[in-house]
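>>> only geometry, no sequence info:
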């Protein structure tokens with residue numbers, strides 16, 4: 001399962017937090033109770049823990065993420081290198097060419113299957 005889409009959000013950090021929120025929401029709604037969530041943006045992860053400042057401009061989004069993390073499940077948020085995040089990068093690029101809301105997919109879009117196989121085997125791609 002996954003999702004992609006185009007959002008009119010000016011800040012990369014806010015986009016990364018939205019991706020974390022939407023991914024966790026999807027996992028929770030579909031009944032997954034042991035989840036690893038990877039982000040290649042360390043700044044996003046550092047804002048989630050130990051909790052957002054009420055003065056931060058995107059505090060409500062961070063509170064929503066924290067609310068999800070308090071649900072009865074096991075979630076491990078981890079930092080990953082961008083080169084090891086090829087599947088998310090693929091979906092990001094796919095979403096950038098689309099207009100409208102997020103699209104949830106039950107099967108990998110064309111071109112993602114090979115990247116998922118490589119990911120499951122621990123292969124990472126070096127970007128030029």
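Received, thanks. Note that this is a predicted model, so its numbers are computed, not measured.

>>> could you say which helix or strand contains residue 46?
helix 42-48 (DSSP states H and E).

>>> Just the buried residues of that helix, please?
Neighbour counts over helix 42-48 (16 or more other C-beta atoms under 10 Å) mark 44-45, 47-48 as buried. In short, each C-beta sits where N, CA and C put it, glycine included.

>>> Give me the contacts around that helix.
Helix 42-48 has contacts (C-beta atoms under 8 Å, 6 or more residues apart in numbering) with 13, 16-17, 20, 39, 56, 58, 62, 65-66, 69, 77-79.

>>> next one: stretch 29-36
1, 24, 27, 72-76, 78.

>>> how far does it stretch from start to finish?
The first residue of stretch 29-36 is 15 Å away from its last residue (C-alpha to C-alpha, to the nearest Å).

>>> now that stretch, how far from the centre of its chain.
The chain centre lies 14 Å from the centre of stretch 29-36; the measure is C-alpha atoms, centre = their mean, to the nearest Å.
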